[in-house]
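*Asks:* Sequence first, predicted model second:
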Amino acid sequence: MRIMVVDDSVVFRSQIKASLDGVEGIKVVAVAANGKIALERLETSECDLIILDLEMPEMTGLETLVELKRRNIPVKVIVFAAPTADGARQAFEAFQEGAVDFVAKPASSGSLEEALEGIKRELVPKILQFVKRRAAAPVTEGLRQPSSATRPEVPQAPKKPYSTIDLKIFKPRIILVASSTGGPSALETIFSMFKQIQNINVPILIAQHMPPNFTACLAQRLEVVSGIPAAEGKSGEFVKPGRIYIAPGDFHMTVQRTSDGVNSVIKIDQGPKRNSVRPAADNLFESVAKAYGGTVAAFVLTGMGEDGCAGAKAIKQATGGVMIQCRESSVVWGMPGSVFEAEAFDGIGDLSECSRTMIRMAT
């Protein structure tokens, strides 16, 4: 994976390069102080991924993304965004212009060493997920069959671990969504198709891996594109049909039945991270499977890691329905791929198919 680091800070450029040097599968081939220089370097340096600061002189990160799109340069971009409301807004603008992921720049407080260590901790796994994707064999057909690497040497009829739900006729009482890398753009694509309908009859709860400020911005964005009221979930809030609830950044969101057994409420907590993330889709999925039984539908979209897999298993054990995004349309197939390998799903498709299925369930 050939990397270019674009940042107006010479300290950040050199330290990010130093943090990536020696990581297997990664090679920093160029650095640049702004977008204009980066575009010039791309003429002589082959590059697979750009680490791009958004706030730079001469040509900003957003302007660079626009120009990359105009020139049809096939390169993935991870952006640096300030951990503020304005930084979150810029990050979402970057997603609309083609960025696939982001790293929140550290706040001004704290030492430079701590800040750089935090960036390395966040950045390296995000880059490595694309290295793994490049190394993975393409899947062109037979998505419902185990991969050759997992098939037994002696052919035999595989046992399906869960009963299958027909998603074309399934009508859940609640819908769940899990997403991570590539998720903001995927969610916007899915929910923009909701504009065509008048209302929805079920609540939709989303766990997207994002820090604080960014999830609030995500809720605002989804409300705009879908026409459905959307907000971060709050502890003690009743779960109501016709609304979208987003797990707040750095908080787990779960659902519990009230004592009357009729209503359900949202719970927010900062318990231990799970699968190295908070919010964790597994926590949300498992709690809803317990509260709603077999009347749950979950969608596991693009994202790195395995978050959502344990939750999908819990939903299938409760006889609910699960749909996953296909490999071809996923920025990273880690999360849906883990559910696929566990065979804890009933359907698979691209974002349009996921959206149509969700709309059919919700109306």
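*Replies:* Nice, I can see it. Residues are numbered from 1 along each chain as shown.

*Asks:* ok, and the helix or strand in the chain with the lowest average confidence?
*Replies:* For the chain, using mean pLDDT, DSSP states H and E, the weakest element among its helices and strands is helix 112-135, scoring a mean of 78.

*Asks:* Report all helices and strands that whichever helix or strand comes after that helix contacts.
*Replies:* Scanning forward in sequence from helix 112-135 by DSSP states H and E, the next helix or strand is strand 174-179. Packing contacts for strand 174-179, counted by 3 or more CB pairs under 8 Å, 6 or more residues apart in numbering; DSSP states H and E, involve helix 183-192, strand 204-208, helix 281-292, strand 296-300, helix 309-317, helix 351-362. Bear in mind the C-beta positions are built from the backbone N, C-alpha and C, glycine included.

*Asks:* Residues in contact with the least confident helix or strand of the chain: which ones?
*Replies:* By CB atoms under 8 Å, 6 or more residues apart in numbering, the residues outside helix 112-135 that reach it are 1, 3, 11-12, 15-16, 19-20, 23, 25-26, 48-49, 51, 76, 78, 101, 103-106, 181, 304, 332-334.

*Asks:* Buried ones among these?
*Replies:* 1, 3, 12, 15-16, 19-20, 23, 26, 48-49, 51, 76, 78, 101, 103-106, 181, 304, 332-334 (16 or more other CB atoms under 10 Å).

*Asks:* Strands - which of those land there?
*Replies:* 3, 49, 51, 76, 78, 101, 103-104 (DSSP state E).

*Asks:* Let's have those residues in CSV, adding distance to residue 244 and pLDDT.
*Replies:* Formatted as CSV, those follow (distance: CB to CB, whole Å; pLDDT from 0 to 100):
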residue, distance to residue 244, pLDDT
3, 36, 95
49, 31, 96
51, 31, 96
76, 28, 95
78, 26, 96
101, 22, 93
103, 26, 89
104, 23, 86
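
*Asks:* Among the residues you listed, which one sits closest to residue 246?
*Replies:* residue 104 (16.9 Å; CB to CB).

*Asks:* Report the separation between the residue nearest to residue 81 when sequence neighbours are not counted and residue 301.
*Replies:* Sequence neighbours aside, residue 91 is the residue nearest to residue 81 in space, at 3.9 Å (criterion: CB to CB, 6 or more residues apart in numbering). For residue 91, the distance to residue 301 equals 18 Å [CB to CB, to the nearest Å].

*Asks:* wait, residue 336 sits on residue 324?
*Replies:* Yes: with contacts counted by CB atoms under 8 Å, residue 336 reaches residue 324, the gap being 3.8 Å.

*Asks:* shared neighbours, these two?
*Replies:* What both residue 336 and residue 324 touch, as defined by CB under 8 Å, 6+ apart, is the set 300-301, 348.

*Asks:* quick one: which of the residues you listed has the most company?
*Replies:* residue 300 (32 neighbours; other CB atoms under 10 Å).

*Asks:* circling back to that earlier point, need the ones in strands among the buried ones among the contacts of helix 112-135 in JSON lines (columns: distance to residue 123).
*Replies:* Below are those laid out as JSON lines (distance: CB to CB, whole Å):
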{"residue": "3", "distance to residue 123": "10"}
{"residue": "49", "distance to residue 123": "11"}
{"residue": "51", "distance to residue 123": "7"}
{"residue": "76", "distance to residue 123": "13"}
{"residue": "78", "distance to residue 123": "7"}
{"residue": "101", "distance to residue 123": "10"}
{"residue": "103", "distance to residue 123": "5"}
{"residue": "104", "distance to residue 123": "11"}
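
*Asks:* how near is residue 323 to residue 201?
*Replies:* Distance from residue 323 to residue 201, by CB to CB: 18 Å.

*Asks:* Those two: which is more packed in?
*Replies:* residue 323 (26 against 11).

*Asks:* which residues does the closest residue to residue 281 other than its chain neighbours contact?
*Replies:* In space, and not counting its chain neighbours, residue 281 is closest to residue 178: 3.3 Å by CB to CB, 6+ apart. By CB under 8 Å, 6+ apart, the residues touching residue 178 are 206-208, 281, 284-285, 298-301, 303, 307-308, 311, 335.

*Asks:* what about 6 Å?
*Replies:* 207, 281, 300, 308 (CB atoms under 6 Å, 6 or more residues apart in numbering).

*Asks:* Pick the one among those residues closest to residue 268.
*Replies:* Comparing those against residue 268 with CB to CB places residue 207 closest, at 12.0 Å.

*Asks:* How about the contacts made by the closest one?
*Replies:* 178, 247, 279, 281, 284.

*Asks:* and the gap between it and residue 220?
*Replies:* For residue 207, the distance to residue 220 - CB to CB - is 17 Å.

*Asks:* same check, this time on residue 19
*Replies:* Relative to residue 220, and taking CB to CB, residue 19 is found at 33 Å.
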